[in-house]
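J.: model this:
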Amino acid sequence: MIDLGEIGPETFEPPTPPPGRWRWTARGVVGVLAIVLGGGVAGAAPPAWMPPVFRISPLLEGPLPAPVFGDALMDVDVDRGTLRAVELNGGGVRWQVDLPAGVWPEMIALGDAVMVSMIDMPVDAAPYAAADVHPLGTRAFDLATGAELWRHDGSVAAPVRDGVVAVRGRGPWVAGVDTTTGTERWRHTWSGQIRSISTAYGTLDAAAPENRELTIAVADGTVQTLDLVTGRTLREVRVRPGRLEVYAWRDLIGVHYFNDVAAVEFAVYRAGSGERLWSRRLTGTSGNIWPCSMTTLCAQDDLVVPQHLDPSTGRPTQAPAQSAETAMFNVRDEVIGEIGGQPVLLVQPGDRRPGVWLSVGERGNSRPLLRIGEGLLFCSVQDQWLTCYDDQLPRSAYAVRVADLERLIAEVS
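T.: As a prediction, this is how the structure comes out:
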């Protein structure tokens, strides 16, 4: 049943500086959402027009935040294998389909359709887990009706690029599938077991050529890089065979080697020639090396503070200056998106300002806009909606149109 929550104006108390990063834990009974005029003066009258805020309840037992595609929230019950599209505007359940029970689906927007990919990975999978993945297929559904548009027996292995998605099968093969028709554009098959599949690290430019690259590592040490859209082989190198996992990072290839319980070695090769540049032994049960910025790798053994490394040499280097992407995780207010050209923040409670507030503007000079009850966990901006979720039982979601918030922001400003 879909329950529409009623929203009423409240008197705004001038905000106090937020004390610290909001902890994502429940702090009481879920309150209703209230749109307020953030004028900075106690007792300010609310605006004549108030955006509607919709309450969707109960939600199924799926992960949060639930994906939002168009005007629908994709609600999933993993244990029962149920996927349903719920109208964010209070219209109820739009459609419902059955999926394999006990499987976490990956959902990808395809314009007027949604692609749902499923894999089965044993809970006791080895650390080189890509080899233990069992694809359960991919299906595309019409977002408006739930009608199945196509299905494929492979499961999604990489992001969609130019209307093509790479899928992997139960055998040692990877294929490029047209996301409109579900037909294969290309397929590659290897003689050995696929150990890992990765896309390129090291660029934020979605149009960069390397974002069309797909790197596949095979147990015999073959590392092949393909053009995801055409299937053309771009590079092929040989590394030491074994229990391995590979990722591509600009013009380099990083390889983790595993024993039965953990990664034990990391080696870096030149992507074009296969030249081995450097390697490092890893100790403990949590040793790992990974890209931690656009210019450095991070190395960590057990609980030691991560060490920054030069990717080409493996030598320690200075940590890069804090970027906007990393800075947002070390501030008092949570940035959750942008609306009307302004940052949207979640501000934690203060002595004179109970509950969690949605604010707009720069940190330290934001304007309260939306009050959220204390039992809510978090909010996110997806597609054309702001959605917030609570942790009470039954679980609920709250939704307001971004266009309505833009109008309210303009009035407040």
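
J.: is it true that residue 368 touches residue 345?
T.: No: using CB atoms under 8 Å, residue 368 makes no contact with residue 345, being 9.7 Å away. Every residue, glycine included, has its C-beta placed from N, CA and C.

J.: and these two? Which one has more around it.
T.: Comparing residue 368 with residue 345 by other CB atoms under 10 Å, the one with more neighbours is residue 345, at 26 against 23.

J.: returning to what we had before: overlap in contacts of residue 368 and residue 345?
T.: 358, 359 (CB atoms under 8 Å, 6 or more residues apart in numbering).

J.: and the gap between residue 246 and residue 400?
T.: Separation of residue 246 from residue 400 (CB to CB, to the nearest Å): 43 Å.

J.: what of residue 49?
T.: Applying CB to CB, the value for residue 49 to residue 400 is 13 Å.

J.: who's more crowded, these two?
T.: residue 400 (23 against 10).

J.: so what's the more buried one bridging to?
T.: Counting by DSSP bridges, residue 400 is bridged to residue 386.

J.: and stretch 216-229, what's buried?
T.: Going by neighbour count (16 or more other CB atoms under 10 Å), the buried part of stretch 216-229 is 216-219, 221-229.

J.: likewise for stretch 151-171?
T.: 152, 154-158, 160-161, 164-169.

J.: burial count for the closest residue to residue 344 other than its chain neighbours?
T.: Distances taken as CB to CB, 6 or more residues apart in numbering put residue 337 closest to residue 344, at 5.0 Å, once the chain neighbours are dropped. By other CB under 10 Å, the residues close to residue 337 number 13.

J.: give me the element residue 337 is part of.
T.: Per DSSP states H and E: residue 337 is located in strand 334-339.

J.: list the helices and strands that strand packs on?
T.: Counting contacts by 3 or more CB pairs under 8 Å, 6 or more residues apart in numbering; DSSP states H and E, strand 334-339 packs against strand 342-347, strand 376-382, helix 402-412.

J.: in this structure, which helix or strand is least confident?
T.: In the chain, the helix or strand scored least confidently by mean pLDDT, DSSP states H and E is strand 34-35, which has a mean of 35.

J.: now the element after it, going C-ward?
T.: Moving toward the C-terminus from strand 34-35, the next helix or strand (DSSP H and E) is strand 54-56.

J.: state the mean pLDDT of that following strand.
T.: Throughout strand 54-56, pLDDT has a mean value of 89.

J.: pLDDT below threshold where in the stretch 1-150 of the chain?
T.: 1-48, 121-132 (pLDDT under 70).

J.: for residue 118, list each beta-bridge partner.
T.: residue 105.

J.: burial of the residue nearest to residue 61 when sequence neighbours are not counted, as a residue count?
T.: Using CB to CB, 6+ apart and skipping residues adjacent in sequence, the residue nearest residue 61 is residue 77, 5.4 Å away. For residue 77, the count of nearby residues is 15 (other CB under 10 Å).

J.: ok, the nearest residue to residue 156 once chain neighbours are set aside - contacts?
T.: The shortest distance from residue 156 to any non-neighbouring residue, by CB to CB, 6+ apart, is to residue 117 (3.8 Å). Shown in contact with residue 117 (CB under 8 Å, 6+ apart): 105, 106, 107, 108, 137, 138, 155, 156, 167.

J.: noted, bye for now.
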